[in-house]
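Q: Structural data only, the sequence is not supplied:
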């Protein structure tokens, strides 16, 4: 077997180094891409979990809004609905002094004066 001239040996060595650098570059680029995909996957999973929780909450709100309890609550708030045997009352804002400032005192003293 004949020995290769020194210039051919260097050329072959440089070619092998270039192929090794190329394979290393491809391996590093693939690892970076896989890491980015893993980050996107975990972010997407967190977003799906948040949206699932929001959906469950909104379904609960929808179910409550369709219930008789919600209808009664809205009738009491907006229309002043009172059941038989209940005593309705209205809380009046505290009286104001002649200069427009409210009278100072505890709320129960203003609500139930002597």
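A: Nice, thanks for sending it over. It should be emphasised that the depicted structure is a prediction, and the values quoted were computed from it without experimental measurement.

Q: would you list every one of the strands in this protein?
A: Along the chain, no stretch is classed among the strands by DSSP state E.

Q: center of it - which residue?
A: Nearest to the mean C-alpha position of the chain, by CA atoms, centre = their mean, lies residue 50 at 5.7 Å.

Q: Quick one: residues contacting that one.
A: Not one residue lies near residue 50 by CB atoms under 8 Å, 6 or more residues apart in numbering. Every residue, glycine included, has its C-beta placed from N, CA and C.

Q: Can you tell me how far it is from residue 37?
A: Here residue 50 is placed at a distance of 20 Å from residue 37 (CB to CB, to the nearest Å).

Q: Kindly report the same for residue 88.
A: When residue 88 is compared with residue 37 (using CB to CB), they lie 63 Å apart.

Q: swap in residue 82?
A: Per CB to CB, residue 82 is found 62 Å from residue 37.

Q: cool, and residue 46?
A: Counting by CB to CB - residue 46 and residue 37 are separated by 15 Å.

Q: Repeat that for residue 56.
A: Applying CB to CB, the value for residue 56 to residue 37 is 29 Å.

Q: do residue 23 as well
A: With distances taken as CB to CB, residue 23 is found 21 Å from residue 37.

Q: Also residue 11?
A: 39 Å.

Q: Repeat that for residue 57.
A: 30 Å.

Q: Any chance of the backbone angles for the residue nearest to residue 88 when sequence neighbours are not counted?
A: Nearest non-adjacent residue to residue 88, counting by CB to CB, 6 or more residues apart in numbering: residue 82, 4.6 Å away. The phi/psi pair for residue 82 (degrees, to the nearest 10) reads phi -130, psi 130.

Q: Test my guess that residue 82 contacts residue 75.
A: No. With contact defined as CB atoms under 8 Å, residue 82 does not reach residue 75; the gap is 9.6 Å.
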